[in-house]
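*Asks:* Fold the following for me, if possible:
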Amino acid sequence: QVQLVESGGGLVQAGGSLRLSCAASRNTFIINAMAWYRQAPGKQRELVAAITRGGSTNYADSVKGRFTISRDNAKNTVWLQMNSLKYEDTAVYYCNAGRLSTITATSEGPYWGQGTQVTVSA
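*Replies:* Residues are numbered from 1 along each chain as shown. Presented below is the predicted three-dimensional model:
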């Protein structure tokens with residue numbers, strides 16, 4: 001079983017930046033794709049950004065140009081750099097990972113972190 005632990009959430013003013021981290025442990029050799037999802041109150045969970053083992057990325061339209069996903073395979077870590085944050089970015093952000101080669105809006109990995117709260121004040 002893969003364990004994912006997120007960190008880096010917090011409270012930030014609109015226009016500010018945060019960097020989320022997700023460290024994977026236990027059986028990390030099976031991980032190919034990694035991703036960040038978020039869930040705002042009263043809304044469904046949505047894919048924010050995903051990255052393959054080779055570094056190919058895809059983003060939700062709402063975060064393109066503002067968020068950057070990256071990873072270090074040797075450290076089994078994925079990051080989400082969030083710039084120009086907006087009030088509507090407020091949500092719990094979850095790390096996701098799996099054996100599949102690519103994570104998309106309709107194909108997620110089976111492993112989840114516990115989530116980290118990001119709150120953007122207007």
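
*Asks:* where do the strands sit along this structure?
*Replies:* 3-7, 10-13, 18-25, 33-39, 46-51, 57-59, 67-72, 77-82, 91-98, 111-112, 116-121 (DSSP state E).

*Asks:* Let's have these in TSV, adding distance to residue 104 and mean neighbour count.
*Replies:* From N, CA and C alone the C-beta is placed, and that goes for glycine too. Formatted as TSV, these follow (distance: least, C-beta to C-beta, whole Å; neighbours: other C-beta atoms under 10 Å):
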stretch	distance to residue 104	mean neighbour count
strand 3-7	18	17
strand 10-13	28	13
strand 18-25	18	19
strand 33-39	9	24
strand 46-51	7	22
strand 57-59	7	16
strand 67-72	14	18
strand 77-82	16	22
strand 91-98	11	23
strand 111-112	16	18
strand 116-121	22	17
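
*Asks:* To residue 105, which of these lies closest?
*Replies:* When the strands of the chain are compared by C-beta to C-beta, strand 46-51 sits nearest residue 105, at 4.7 Å.

*Asks:* follow-up on the earlier one: mind giving me a markdown table with the strands of the chain and columns for distance to residue 105 and mean pLDDT?
*Replies:* Converted to a markdown table, the strands of the chain look like this (distance: least, C-beta to C-beta, whole Å; pLDDT from 0 to 100):
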| stretch | distance to residue 105 | mean pLDDT |
| --- | --- | --- |
| strand 3-7 | 19 | 96 |
| strand 10-13 | 26 | 98 |
| strand 18-25 | 19 | 97 |
| strand 33-39 | 10 | 98 |
| strand 46-51 | 5 | 98 |
| strand 57-59 | 9 | 97 |
| strand 67-72 | 15 | 98 |
| strand 77-82 | 16 | 98 |
| strand 91-98 | 12 | 98 |
| strand 111-112 | 16 | 96 |
| strand 116-121 | 20 | 98 |
